[in-house]
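1. attaching a predicted model along with its sequence, questions to come.
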Amino acid sequence: MKIGILGPSEDEINPFIDKLKNQTITKHIMLNFYSGQYHDVSVVGAFCGVCKVNAAIATQVLIDKFQVDLIILTGVAGSLNDNLKFGDVVVSTEVAHHDVVPEIITEYHPWLEDQYIKANEALKGKCIRIIKSERLGFTCHFGRIITGETFITHQQRNILIEKHQAMCVDMESASVAQVCYVNNVPFIVIRAISDNADSEAPETFECNVKTASLNSIKVVENLLISLLN
């Protein structure tokens, strides 16, 4: 089994890549793809870049060129739930584009049943067992994640909460999910909260991205180990 792992920024993925043993680097489409071992798991990791197109391109490369069996997207996100604290982790149950009219992807390619793309149940189940059994040092939640290519204002935040009842918002997850869906490749998203998805988000993100990313990576690492069992 070979696992693909993506992070939108270097801060969100490099602490994990640094732990890979027997690394080889493949340069492709202006990105570095790091192949190696995490414990006994074969992994290909990459910093894909921010926003949908970058994430989608890197996802397709992992599938076509590296023939990964599943994909994990890690990183940070903005909270859409007042019960979430900075550093809390959200594991996706399903994801959606909040800036795409649903009919675009339900009535046209890829003809989804609805706008929400479900994460892999087996991976979600493993995350549930990890969270129940491990003392992670932070709180984990399961829920809906939505994606759009903008930082959110306070007014937009309220609209998104009412419309989607999502736990958090980011700029990549739905694109990775859509690429995985059309390729029939399992995926899951693991995001730590870095900001409150409001007018102060850009500054708060910069303050919290490094420390929050370590929490999402910790869940990823535990998930990889669980795949050995």
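-> Looks like it arrived, so ask away.
2. before we move on, what SS does residue 87 have?
-> Counting by DSSP: H, G, I helix; E, B strand; the rest coil, the backbone at residue 87 sits in coil.
3. run a quick neighbour tally on it.
-> 19 (other Cβ atoms under 10 Å). Where you see a C-beta, it was placed from the backbone N, CA and C, and this is true even at glycine.
4. tell me the first helix or strand C-terminal of the helix or strand where residue 16 lies.
-> Using DSSP states H and E, residue 16 sits in helix 10-17. Beyond helix 10-17 in the direction of the C-terminus, DSSP H and E gives the next helix or strand as strand 21-28.
5. now do the strands in this structure.
-> 2-7, 21-28, 31-38, 41-47, 70-79, 89-97, 117-118, 140-147, 168-170, 187-195 (DSSP state E).
6. mind listing what's buried in the first one?
-> Within strand 2-7, the residues that qualify as buried by neighbour count (16 or more other Cβ atoms under 10 Å) are 3-7.
7. distance between the ends of stretch 116-127?
-> Length of stretch 116-127, first residue to last, Cα to Cα, to the nearest Å: 20 Å.
8. what is the least confident helix or strand in this protein?
-> Across the helices and strands of the chain, mean confidence by mean pLDDT, DSSP states H and E is lowest for helix 154-164: a mean of 90.
9. run through who's touching that one.
-> 80-81, 96, 98, 144, 146, 152, 166, 169, 196-199 (Cβ atoms under 8 Å, 6 or more residues apart in numbering).
10. can you say which of the residues you listed are buried?
-> For the contacts of helix 154-164, a burial check counting by 16+ other Cβ under 10 Å picks out 80-81, 96, 98, 144, 146, 152, 166, 169, 196-198.
11. make CSV from these and add pLDDT and distance to residue 117 to it.
-> Rendered in CSV, the data for these read as follows (pLDDT from 0 to 100; distance: Cβ to Cβ, whole Å):
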residue, pLDDT, distance to residue 117
80, 96, 18
81, 95, 20
96, 98, 7
98, 96, 13
144, 98, 10
146, 98, 11
152, 82, 21
166, 97, 13
169, 97, 15
196, 85, 25
197, 83, 20
198, 82, 26
